[in-house]
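J.: Fold the following and give me the result.
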Amino acid sequence: MFIYKKQGVFISLVVILNIAACSANNPLSDESDGLSGVITLLEINDLHAHLTAHTDIERADSGTTRVVYRGGLARIATVINQVREENPQTLVMNIGDTYHGGVEAAYTQGNAMVAPVNALGIDVGVPGNWDFAYGPSVTRMRYTDTLDNINSGANAIEKPNFPNLAANVTYTEPRHRAGQPFLAPTMIKQFGDIRVGLIGLTSDIVPRMHTFLATGLDFTQGEAAYKALVEKHANTLREQGVHLVVLMSELGIHKDYQLANQLSSGTVDVIFSAHTHELTVAPLVSTGGIWVVEPGNDTTIGRLDVSFDRGEITDKQWQIINIDSTIAETPSVKKQVEEARAPFLLASLSDPIRAPNSSLKLTQSIDTVLGVVHAGIDRRHSLINTFNAGYTQMLQNFTGTSVAMSPGFRFDAVVPGTAQQYEDPAVVAGNMTIEDAYRFFPVPFTLSTATVSGKRLTEVLESNLTAVYSPDTFDHSGGWFDGVSGLAMSLDLAGRDHQRVLDLQLTATGRPVLQDDIISIAGCSRPFDQASETTLCSYDGFDAVIPLINESTGEPWNGVDFLIYGVQNHLFPDAITSLITDQNQTALWPEQAFFQPLF
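T.: Predicted structure coming up:
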């Protein structure tokens, strides 16, 4: 049982939605007490523009993994409808990256996702960091009314049909009333006499992705600032008679859990996390009793049933719902999905489809099989994963440089190898499609070669390791450790920030990397860095950054086309190796439950 204390009064922008409890079957419609019953909260998180079912990797209790085939918006719709039929007092939340990540989204600036997602009947959402990645104009056109839709007709930016919250973002431009919220910070939804208050937090890493993406916006930074912000809004909601305070956060479960342990007792009841794709089978519980949960990604849904007795919480039950083939597809949503995918599934594309603002173009159906990948590839490991290791090995061999590097994006495709175990007949062993290739590159970067000193290369690696493994989770930024080949590294993941690299050697020569060494390296030039002669993979301090030219087109290679070329020409390695060791032997997934350790 939780007892709430009312604290100071604050003023905030609040959206209030009321639902009358009038059904005879309504669990909250007890004539003697409208403050008793069960409210169900469903969390969808990190759709990443997945429209259909796809392969994924699931951790088993023993610490092993298996390939599964799950997801699909039409099945998610079925689950939502079934839960609402079971309990009409159901709140559906969509938290985290939604409109960015798939090939259909990349070629429509997210529009392909909007109608199918709108058909799910979502009550409230929170944008993810990648939802800002189309640039500030698209972000404003999608989420606000502060900018006229400068695109017209079929290219107009489409909007979600549900409110989105972000208490941690304010305007900086005078014309938008500097200091005012970018989106509403909070919302109240009422079930009978019970009031549920929601606070939204979007990702705080948008300015670090690139300052351009945060143009005109200020994102709250730091643990202390978030504690003050959340407590302010939670206390205001309590003053407005809210019985359950829910924090919907795209900060990621590691930051959310650290924050939960700092929040004052009686402020927030539960934090629904997103961004890190972590699957919490059992809720994390803070020192003050706050639950922190995250349902993984689009292949699962989280369900929380909260029981009330006279306005007080008496019980909370959390479960994970697998979106698998036992769930029927909702026909109307399936049709929306098929219409969104249809332009990209034509037998031939004589008139190439071109992506806005990039060199990407499609000339074949996205279900075209590029070739067979014998070693299963994915990004499910934060330190060494098969995709980053194989891709950088292929890039290093192609360019002849001493080292190759690729951004440590968090996810997203899983291509099972020919020897892997899987159960669903929809999975074809080893086949990589064009659609899979796009899944690995949320940003359509180009490739470049450069040189770098041994000192600067070590600094880059240290910075990246801190961003992934710092025990102060508010120093986390981005995804996993960057993919690197050509280096043998001895690390101490439990070491102090910027002091985790113990030994660094060039694999070609076997000798240590010295500070004054000048090392050839291949890597990426991300969209806003392409004109720079000193920036590689968004790290500065490099020299002679030169675009890697595709001789058949005369243009720089982009990461997607290079992967497609490599798989088609059997350049992707069958045996993927990595010479990275952790002397601390830190337990990583799947040995332990979380992709990033909870130190």
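J.: who's in contact with V333?
T.: L73, A74, A77, P116, A119, L120 (CB atoms under 8 Å, 6 or more residues apart in numbering). Any C-beta I mention is one placed from the backbone N, CA and C, and that applies to glycine too.
J.: That one - that's part of a helix, no?
T.: Yes. According to DSSP: H, G, I helix; E, B strand; the rest coil, V333 belongs to a helix.
J.: returning to that earlier point: nearest to E329, of the contacts of V333?
T.: A74 (3.6 Å; CB to CB).
J.: Let me see the backbone angles for the closest one.
T.: Backbone torsions for A74, taken as degrees, to the nearest 10, come to phi -70, psi -30.
J.: quick one: it and P331, what's the gap?
T.: 8 Å (CB to CB, to the nearest Å).
J.: who has more neighbours, the two?
T.: A74 (26 against 11; other CB atoms under 10 Å).
J.: Could you verify my assumption that that one touches E338?
T.: No. Using CB atoms under 8 Å, A74 is not in contact with E338, being 9.1 Å away.
J.: Can you classify R410 as helix, strand or coil?
T.: coil.
J.: hang on, the earlier thing: which ones among the contacts of V333 lie within helices?
T.: L73, A74, A77, P116 (DSSP state H).
J.: Which parts of this structure belong to which domain?
T.: Domain segmentation of the chain under automatic domain parsing yields 14-322, 345-582.
J.: Mean pLDDT and distance to E591 for these - can I get that in JSON lines?
T.: JSON lines is the format used below for the domains of the chain (pLDDT from 0 to 100; distance: least, CB to CB, whole Å):
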{"stretch": "domain 14-322", "mean pLDDT": "91", "distance to E591": "5"}
{"stretch": "domain 345-582", "mean pLDDT": "90", "distance to E591": "10"}
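J.: Deepest-packed of those, please.
T.: domain 14-322 (a mean of 20; mean count of other CB atoms under 10 Å).
J.: show me where the stretch 201-350 of the chain has strands.
T.: 217-219, 244-249, 270-273, 284-285, 291-293, 300-309, 312-322 (DSSP state E, counting those that start in this stretch).
J.: could you redo these as JSON lines and give each row distance to A106?
T.: Compiled in JSON lines, these are given as follows (distance: least, CB to CB, whole Å):
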{"stretch": "strand 217-219", "distance to A106": "23"}
{"stretch": "strand 244-249", "distance to A106": "26"}
{"stretch": "strand 270-273", "distance to A106": "26"}
{"stretch": "strand 284-285", "distance to A106": "34"}
{"stretch": "strand 291-293", "distance to A106": "30"}
{"stretch": "strand 300-309", "distance to A106": "24"}
{"stretch": "strand 312-322", "distance to A106": "28"}
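J.: Can you tell me which of those strands is nearest to I57?
T.: strand 300-309 (12.6 Å).
J.: Mind exporting the C-alpha coordinates of the closest one to CSV?
T.: C-alpha atoms of strand 300-309 as CSV (Å, rounded to 0.1, in the frame of the first residue of the first chain):
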residue,chain,number,x,y,z
THR,A,300,7.0,-7.6,-27.0
ILE,A,301,4.5,-5.4,-25.1
GLY,A,302,4.6,-4.6,-21.4
ARG,A,303,1.4,-4.9,-19.3
LEU,A,304,1.0,-3.4,-15.8
ASP,A,305,-2.2,-4.0,-13.9
VAL,A,306,-2.6,-1.6,-10.9
SER,A,307,-5.2,-2.4,-8.3
PHE,A,308,-6.9,0.3,-6.2
ASP,A,309,-8.9,0.2,-3.0
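J.: I would like the residues contacting that strand, please.
T.: Contacts for strand 300-309 (CB under 8 Å, 6+ apart): 28, 35-45, 70, 76, 79, 83, 87, 194, 243-244, 269-270, 272, 279-280, 291, 293-295, 313-323.
J.: centre of the chain versus that strand, how much separation?
T.: When C-alpha coordinates are averaged (CA atoms, centre = their mean, to the nearest Å), strand 300-309 and its chain have centres 23 Å apart.
J.: cool, and stretch 286-301?
T.: 15 Å.
J.: and it, how far apart are its ends?
T.: 22 Å (CA to CA, to the nearest Å).
J.: cool, stretch 183-202 as well?
T.: First-to-last residue span, stretch 183-202, CA to CA: 10 Å.
J.: Repeat that for stretch 376-383.
T.: 17 Å.
J.: now what about it, what contacts it?
T.: 57, 65, 67, 385-388, 390, 409-417, 419-420, 432, 440, 468-469, 479-481, 493, 572, 576, 580, 582, 588-589, 595-596.
J.: So which residues of the stretch 351-500 of the chain form helices?
T.: 386-399, 434-439, 454-469 (DSSP state H, counting those that start in this stretch).
J.: need those in TSV with distance to L165, can you?
T.: Listed next are the helices of the stretch 351-500 of the chain as TSV, based on distance: least, CB to CB, whole Å:
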stretch	distance to L165
helix 386-399	34
helix 434-439	28
helix 454-469	26
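J.: what about the ones you listed, which gets the closest to G110?
T.: helix 434-439 (14.0 Å).
J.: Which secondary structure elements does that closest one sit against?
T.: Here helix 434-439 touches helix 103-106, strand 369-372, helix 559-568, going by 3 or more CB pairs under 8 Å, 6 or more residues apart in numbering; DSSP states H and E.
J.: now those in TSV, with distance to L514?
T.: Shown next, in TSV, are those (distance: least, CB to CB, whole Å):
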stretch	distance to L514
helix 103-106	41
strand 369-372	40
helix 559-568	30
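J.: Quick one: closest of the ones you listed to A544.
T.: Using CB to CB, the nearest of these to A544 is helix 559-568, at 20.2 Å.
J.: how distant is that closest one from the center of its chain?
T.: With CA atoms, centre = their mean, you get 24 Å for helix 559-568.
J.: do the same with stretch 229-243
T.: The answer for stretch 229-243 is 28 Å, by CA atoms, centre = their mean.
J.: ditto for stretch 210-217
T.: For stretch 210-217, the distance to the chain centre is 19 Å (CA atoms, centre = their mean).
J.: For that stretch, measure first residue to last.
T.: 12 Å.
J.: before we move on, what about stretch 40-55?
T.: Stretch 40-55 has its terminal residues 29 Å apart, counting by CA to CA.
J.: Now do the contacts for the residue lying closest to N550 once chain neighbours are set aside.
T.: Excluding the flanking residues, the one nearest N550 by CB to CB, 6 or more residues apart in numbering is W557, at 4.7 Å. By CB under 8 Å, 6+ apart, the contact list for W557 reads T446, L447, L548, I549, N550, Y565.
J.: Sort out which one of those lies nearest T368 for me.
T.: Y565 (13.5 Å).
J.: For the closest one, which non-adjacent residue is spatially closest?
T.: Using CB to CB, 6+ apart, the nearest residue to Y565 is L571, at 7.5 Å.
J.: That neighbour against Q396, yeah?
T.: No. Look at L571 against Q396 with CB under 8 Å: they stay out of range, at 11.2 Å.
J.: shared neighbours, these two?
T.: By CB under 8 Å, 6+ apart, no residue touches both L571 and Q396.
J.: if we can go back for a sec, just name the closest of the contacts of W557 to H100, please.
T.: T446 (18.9 Å).
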